[in-house]
Structures are given as structure tokens and as C-alpha cells.
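1. Provide a 3D model corresponding to the input given below.
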Amino acid sequence: MGKQVISENNIEIRLYRNLQELSKIGPAWDLLAQTMPHKSPLMTYSWLSAFFECCITEKQSWFVIASFHAGQLIAVLPTVVIPYRFLGLSRYYLTTPNDDQTLSIDMVMDSTNTHAKDQLNLAQMMIEKALEITPRADFFEFYRIDGISTAFKQLYQNKTLSCIQEYCESGASLEIPENYQNYRSSLKKNFKANLNKAKNKLSRHSDVKYIINNSNAIDITNLDVFADVEHACWKGTEGTSIKSNIKTMEFYRKLSAKLASKGWLRFHILELEGKAIAANLAIDFMGSTLLWKLGYDEAHRRYSPGGMLMEKLIESASSNGNITQIDLMTSQDWYDNWNMQRRPFYNYWLFKPSLIGTFLSFAKALKIRFKEITVLRKIKNTLLNKTKR
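-> Next comes the predicted model:
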């Protein structure tokens, strides 16, 4: 059991610093994440325990703050401690897990539990405790938090710990259409024409196979199939594929095993003459499919293999009714071809009420304001130039 650090108003807060102790609350944490409106598997114990095991650097450390009421887990704050220099001083800042493979990690809270409805007080208590545990920490950074987060809406509105918000980017998702043909008809004419051309090229081959597995029985060796396909596209050339880095591949092996044990892991594959030419690494979670990693074989790009696989996935989901949403979380221009909806993501900073914290809060607010003014000026100049034409 984690170390008890505070007991207040019938809320007990415990601190966890090693994976063995943390595993004891793993099942409860996974259940708690399923109550969140985010529908994000990235905020589960299954995902973040793999992150803590594989992705913490030598200079970083981690801990988890967990809140209980009457022995029931009601909130979790996974925390990474990162060193930085301030005017030559050795200091720290805190953040939730965040790297190229993990992002948008909110505090995990049970908003349906009557004792967790005051999310503002609970969130503030946990963040203050995290800053207290790390005396030389000056602020807590939460990167790319989903705009659906009710806790952060309250923290920002109340300016808790001088909370600062900055728009980050949009994330894309698609509500599964009830009628696939009507949905396809709504796509842009040129895009439909390109899909039809690619489909015609594929139809000239007798051995074309789509693998859209919706069952919990997942062949985990398909991770290697996916990794090979992803490595065969531009990601392999640029060194950003999961196969390009041994540690990244190790992380995905551990993560895939954990997700498969929960029945959440999915692989979508398009095969041509027995060879995979497109593949997705996906997670089915709370009625939503997160397309976390996508890849295609560059040698077969004339068939638009990624587009063909996406079309088959949407068509399959529409006919089966097993999921209600396809989520990509990130922002890419090509998502608009599929008429995907967008939602905002924000960065947040909360500062310790100290001399350094106050200075950093002022500096951050000033920097964000300057960026906003610069963007507004660019928009104004663009509009003026268009008017002059």
C-alpha cells in the first residue's frame, strides 16, 4: 500500500513511488479511467504503468498521488518530476506523463461519485500535495489537455494556483454514421474520386484482404506486422517509426501485452497478395476506437492503402454498431477529407505561491499574451492584403 501523506475531510491521499506498490491499485485505476468523459485509454493504469517502466529518463523521476474515500479510489494524479535551471539555480517542475508516445494526460477523477463532485477542491488538494512533496518544484504543467476536462475548467475559472491556460491545437474524431452510404455521399467529390480510383486499382488483384478484428482475441504478434508496415513509410525514413528506436519498441511490446490482457488492443490490416500494405495500431475503449498509430507501405502508395483501410474501418463500424466513435486525438489536414469533427486541447500551468512561482506565472502570462497579439496582427495583415486586392 502506498504511503499515507494526508487525511482530510474523509479523503485519504496516498503516495506511490514504485511499480510493485502501484500495481495494487491498477484494477481500480483502470475502472476509474472508464468513468471519465475523455474515453482515453492513455489515462489508464495499463498505459501509464508501461510509461513509468519504459519512458522515464535518467534525469527524471515519478510518483503517483491517489485519493480514496472510505477505501474507494476516487482520483489519481500521475506525476513526472523534471529538473530545470532558473537563474543558475537547480529547480524542478512537475508534469503528467508526456512524450512522443504518450500525451494529454489529465487527472483521473470519478465525477459520478458523490464524494468527488467537488472536483475543484480535490484537484487543488492533489496538485498542492504534489508541489509540497517536491520542495524545489515551482509549477505543474499539464500538456495538451482535452477541452472536455471539467476539473481544468474549474481550476482555470477560479484561477487556482494562478492557473494559466493556452490553446494548443485541435484533435479530430468521427462519430460513426448510421448509414455508411449517406456518409460517403457527403464526402468531397474529388476525394471520393480518388478513393474510387484506388479501389479500382486494388480490384485488379485477386488476393486483397481486410482484417478488422473486433473481438477480444487479439494476436499480439501483429505488433511486428504493424511495426514493419509503419517503418516502410516516411516514418521509417525520418526515424520516427516505433521500429526506429529500441526503447520505443520495448514500450509498445509491454503496452500491447497490457492492453491485450484487458481486451482493448486492436490491429487493422490491409493485405495485398499475403503482404500487409497498411496497418493501424488501435485501442477500443468505452465505445470509442482510438487510432493511435497508422502506417502504410510506401512501395504501394498508388493504392492509397491507408485511405482504403480507413474507409473499410468506417464502413465496418457503421454496419456492426460495436463502436460509436473513431478518435485520432491529433490534428492533421487529411482528417478533413473524412468530415471529422474537431475539439480543442489546451496547455495549463499551475504555480506554487512562492517568489519564483509568482515570477514564472507573470512571465508565462506575458509570453502567451505576446503570442496572441502576434497571431492577431498576422490575421489583420492577411485580411487587409485581401481587401486591397
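2. list the buried residues in the longest strand seen in the chain.
-> When the chain is parsed with DSSP state E, its longest strand is strand 72-86. Residues L73, I74, A75, V76, L77, P78, T79, V80, V81, I82 are the ones in strand 72-86 that count as buried (16 or more other Cβ atoms under 10 Å). The way it works is simple: take the backbone N, C-alpha and C, and place the C-beta from them, glycine included.
3. hmm, the second one is touching F68, no?
-> Read that as I74. Yes - I74 is within contact range of F68, at 6.6 Å (criterion: Cβ atoms under 8 Å).
4. list residues touching both of these two?
-> I11 (Cβ atoms under 8 Å, 6 or more residues apart in numbering).
5. ends of stretch 92-107, what's the gap?
-> 20 Å (Cα to Cα, to the nearest Å).
6. cool, stretch 126-145 as well?
-> 17 Å.
7. I176: what's it in contact with?
-> So I176 contacts I314, A317, S318, G321, I323, T324, Q325, I326 (Cβ under 8 Å, 6+ apart).
8. list phi and psi for the fourth one.
-> Summarising the backbone geometry of G321 under the convention degrees, to the nearest 10, its torsions are phi 70, psi 20.
9. same question, the first one
-> Comment: the main-chain dihedrals of I314 come out as phi -60, psi -40, following degrees, to the nearest 10.
10. mind listing what it touches?
-> I314 sits in contact with L174, I176, P177, Y180, Y183, I326, W338, where contact means Cβ under 8 Å, 6+ apart.
11. who touches the spatially closest residue to the fifth one that is not a sequence neighbour in this structure?
-> Beyond its immediate neighbours in the sequence, the residue positioned closest to Y183 (Cβ to Cβ, 6 or more residues apart in numbering) is P177, lying 3.6 Å away. Counting by Cβ under 8 Å, 6+ apart, P177 makes contact with Y183, I314, S318.
12. ok, 10 Å please
-> Y183, R184, S186, I314, E315, A317, S318, N339 (Cβ atoms under 10 Å, 6 or more residues apart in numbering).
13. okay, and which of the contacts of I314 map to strands?
-> L174, I326.
14. now the contacts of I314 as a markdown table including distance to P27 and pLDDT?
-> Putting the contacts of I314 into a markdown table (distance: Cβ to Cβ, whole Å; pLDDT from 0 to 100) gives the following:
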| residue | distance to P27 | pLDDT |
| --- | --- | --- |
| L174 | 31 | 97 |
| I176 | 29 | 96 |
| P177 | 35 | 95 |
| Y180 | 37 | 95 |
| Y183 | 38 | 96 |
| I326 | 27 | 97 |
| W338 | 36 | 97 |
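15. mind checking what helix or strand follows the least confident helix or strand in the chain by mean pLDDT in sequence?
-> Here the helix or strand of the chain ranked lowest by mean pLDDT, DSSP states H and E is strand 3-8, holding a mean of 66. As assigned by DSSP states H and E, the chain's next helix or strand after strand 3-8 is strand 11-16.
16. where in this structure is pLDDT low?
-> 1-2, 4-8, 111-117, 216-217, 375-389 (pLDDT under 70).
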